[in-house]
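Asker: sharing a model prediction with you, sequence too.
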Amino acid sequence: MPNVELPPLPPSPIRLLTAVRPPSLLHAPAVDSRKLLQGAREIEIVHGDKVYRLRHTRNDKLILVK
């Protein structure tokens, strides 16, 4: 049987939460998505002269589109 290399598995969420972070990321502000969305499924975010949409999907994911 030929030797086939598989891509590595993504890190587990627990490993991501407990991973050592660079100092620049330690002080990044955190905002709860529920506070941003305030019960809505979609909000508009104005950044300079651009408008972005932050959408909360049925699969409980967040999507940011320009």
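Answerer: Received the coordinates, thanks. Numbers count the residues shown, from 1 in each chain.

Asker: from Arg41, how far off is Arg58?
Answerer: According to Cβ to Cβ, to the nearest Å, Arg58 and Arg41 sit 9 Å apart. (Glycine included, C-beta is placed from N, CA and C.)

Asker: more neighbours, those two?
Answerer: Arg41 (10 against 6; other Cβ atoms under 10 Å).

Asker: hmm, His56 and that one touching each other?
Answerer: Yes: Arg41 is within contact range of His56, at 5.2 Å (criterion: Cβ atoms under 8 Å).

Asker: show me where pLDDT drops low in this structure?
Answerer: Residue ranges of the chain with pLDDT under 70: 1, 16-26.

Asker: and the helices in it, which stretches?
Answerer: Secondary structure of the chain by DSSP state H: the helices cover 13-18, 23-26, 33-37.

Asker: in the protein, which spans are strands?
Answerer: 42-47, 50-56, 62-65 (DSSP state E).

Asker: starting at the chain centroid, how far to the longest one?
Answerer: What that stands for is strand 50-56. Centre-to-centre, strand 50-56 and its host chain are 13 Å apart (Cα atoms, centre = their mean, to the nearest Å).

Asker: so which elements touch that strand?
Answerer: Where contact means 3 or more Cβ pairs under 8 Å, 6 or more residues apart in numbering; DSSP states H and E, strand 50-56 is packed against helix 33-37, strand 42-47, strand 62-65.
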